[in-house]
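*Asks:* structure here, sequence nowhere to be found:
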């Protein structure tokens, strides 16, 4: 199989990630629950992972790295834990349903007012729109770092300056960027940066989390056992415990920790350069094929390793199925949980076929995928 | 190490569970996201796990098995998703903070009224108390299947009859029983049965879930991407999707599925018999040692494989540390996230030392633990 659906999940993991999970399943007890050797090993594994993630993503304190089971959970915690009834929130057309649906629910049930920065037909936003839409009562800007559909990016440092001027929080969805390009929450100016473990970070499913700027107050979504302050009726106030009720997935976190080691060994710049080169090679190969329509802006200086396209007037599901069945190439058709972005691109009716690349893809695979697209477009 | 902290997490997993996770990490894409072979393999893996869990726990429909990252998440979804402001709820002194803290939060923030069925000094409840406390406005009875501190059980079939007469939901915390003894949600009469994957079910951390009776309406705690109905602004209404936003932990679920296979091969009755015998052997060995105080009721016909004790007036943490450091025996001291139960037993000041057993423990390990307790009590 040629796996080109890395924006959904990276199927190929570094061998040491799988080994770390297996080793953890042989040796770890329950993190932060008692002081027996297995429990301490689990606690240390989790803490080391916090330190590594903090360093990778520019989070000043390891204790401000909160683990969740995926970025959807992190985004739900961030959005529901900071926004109050009646608040105004800005978001964008680039968002995934993991941002949109929590916001729409707050709009419907809590009287939260939403404004969306539109994307143009290439999927780009205008920063002027953030300035126009922001208001004194804007509580938060919830913003994608990169579209999971086109790979197009938002300059978050620019957005954060606009947000800060009005005292609004910047909540970032880094699901498509963490592990793939340098991400530094301080440099960005993010107050909360949500990430997932199983995409660019090359870790196991069931991992993810959020990095918090010091001083950000977030109400927990889930409460429960914490192994500390057990006689308090309420969730402890200290991070990360405040947002981490119940047994952590230390098996998965051990794998995520090994994945961060792998990324640091290769170097995030080398990963970014390779993925970008693969994406560019694919784009050059398919963009001039007659009948192929490519979505998104390829003139930008930085973009993620994603190419979304359609072939003639074919349904994206049919094309993706043919790629899978005839060529054994895995892609993702349909809506990609990004309804506003498809509307901006005009692809809401038939979706698009998304090719997304990882460190483990090869030029030969890219060339095979180009050949397949050319044949289908004939 | 002699690992006797299985009520916190089962450190020893069947080898095929670890193999299944490793295999999944080599081959699975993102469940319910597209139709490429990796994605379909993930979808099938998850569905098979639903079927097996449904069969094991007596849930009539596989689609009514919802996966979460642990039982704390399942309980938070169940409690926050069914109880409304002003409702009355009955719970018990046997509960874990994964039940207590969500309830206390509803009490503090939503005006929910709570009544607790008390436990006596042996940790037992009186069923009369459920009958006395239930009212026409009782929305739910949230009830432990077995205490994580003493191993004492609640006869849920009796509780469900009382709840049903008043039209109240029965929400069950089966964290300590699923996988250890036969659990049948239909026989019990549970409306929602919450379980964790990493304890008696012998699966990976990061897994758990809830089994739903047909017709129970639960509002989602998290909303987001579902891979289906992506143009709907709101979470799909169908179970399990309604309660499963974001990428599922199909790696962990593959392990949980293999763990259920293991449990079915051994037979749940054989597992229960062995664990009970180990618990009885330990109890017989330590209960007559001078200076040892055992908590809980050992005359009950059925109880879980847990023995909580203290030695003389020693702090439970000091005893557990000595067991760990001198004898390499893992136990759990302190509060066990069960504050009301410790208050009922009169152990809130120094906690208790909890020994909890699994299928993988041996009689030789039990005898070594008895010897250690005897020496410490000297």
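*Replies:* Noted; the coordinates are in hand. None of the values given here were measured: they were computed from a predicted structure. Residues are numbered from 1 along each chain as shown, chains lettered A, B, ... in the order given.

*Asks:* residues in the stretch 251-378 of chain A within reach of chain B, list them.
*Replies:* For the stretch 251-378 of chain A, the contact set with chain B under CB under 8 Å from any CB of the partner chain comprises A:251-252, A:255, A:317, A:320-321, A:324, A:328-339, A:348. Where C-beta positions appear, they are placed from N, C-alpha and C, glycine not excepted.

*Asks:* those residues in helices, which ones?
*Replies:* Cross-referencing these against helices under DSSP state H gives A:251-252, A:255, A:317, A:320-321, A:324, A:339.

*Asks:* up against chain B, what does the stretch 101-250 of chain A have?
*Replies:* A:101-102, A:104-105, A:108, A:196, A:198, A:204-207, A:221-227, A:230-231, A:233-235, A:245-250.

*Asks:* list only buried entries from the residues you listed.
*Replies:* A:101-102, A:104-105, A:196, A:198, A:204-207, A:221-227, A:230, A:235, A:245-250 (16 or more other CB atoms under 10 Å in any protein chain shown).

*Asks:* tell me which of those residues fall in helices.
*Replies:* Going by DSSP H, the helices hold A:101-102, A:104-105, A:250 from those.

*Asks:* now these in JSON lines, with distance to residue B:178 and pLDDT?
*Replies:* Shown next, in JSON lines, are those (distance: CB to CB, whole Å; pLDDT from 0 to 100):
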{"residue": "A:101", "distance to residue B:178": "30", "pLDDT": "98"}
{"residue": "A:102", "distance to residue B:178": "30", "pLDDT": "98"}
{"residue": "A:104", "distance to residue B:178": "35", "pLDDT": "98"}
{"residue": "A:105", "distance to residue B:178": "31", "pLDDT": "98"}
{"residue": "A:250", "distance to residue B:178": "20", "pLDDT": "97"}
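
*Asks:* distance of residue A:56 relative to residue A:201?
*Replies:* Plainly put, residue A:56 is 8 Å away from residue A:201 if you go by CB to CB, to the nearest Å.

*Asks:* give me the common contacts of those two.
*Replies:* A:178-179, A:260, A:263 (CB atoms under 8 Å, 6 or more residues apart in numbering or on different chains).

*Asks:* closest to residue A:42 among those?
*Replies:* Of all the shared contacts of residue A:56 and residue A:201, residue A:260 has the smallest distance to residue A:42: 17.4 Å, by CB to CB.

*Asks:* using the three-state scheme, assign the closest one.
*Replies:* helix (DSSP: H, G, I helix; E, B strand; the rest coil).

*Asks:* what is the burial count for it?
*Replies:* Neighbourhood size, residue A:260 [other CB atoms under 10 Å in any protein chain shown]: 25.

*Asks:* let me see the contact set for it.
*Replies:* So residue A:260 contacts A:49, A:52-53, A:56, A:201, A:203 (CB under 8 Å, 6+ apart).

*Asks:* just checking, which of the shared contacts of residue A:56 and residue A:201 belong to helices?
*Replies:* A:260, A:263.

*Asks:* for chain A, which segments count as strands?
*Replies:* For chain A, the strands defined by DSSP state E occupy A:2-3, A:65-68, A:88-92, A:113-117, A:138-144, A:169-173, A:192-196, A:208-212, A:292-295, A:306-311, A:329-330, A:353-356.

*Asks:* now, of the residues of the stretch 251-378 of chain A next to chain B, which are buried?
*Replies:* A:251-252, A:255, A:317, A:320-321, A:324, A:329-339, A:348.

*Asks:* neighbours of the residue nearest to residue A:222 when sequence neighbours are not counted, just the number please.
*Replies:* The shortest distance from residue A:222 to any non-neighbouring residue, by CB to CB, 6 or more residues apart in numbering or on different chains, is to residue B:76 (4.2 Å). Per other CB under 10 Å, the neighbour tally for residue B:76 reads 27.

*Asks:* how about the one 5 residues further on?
*Replies:* Using other CB under 10 Å, residue B:81 has 18 neighbouring residues.

*Asks:* what sits closest to it if chain neighbours are left out?
*Replies:* Counting by CB to CB, 6+ apart, the residue nearest residue B:81 is residue B:218, at 3.8 Å.

*Asks:* quick one: contacts for that neighbour?
*Replies:* Contacts of residue B:218 (CB under 8 Å, 6+ apart): B:77-78, B:81-82, B:192, B:212, B:242-243.
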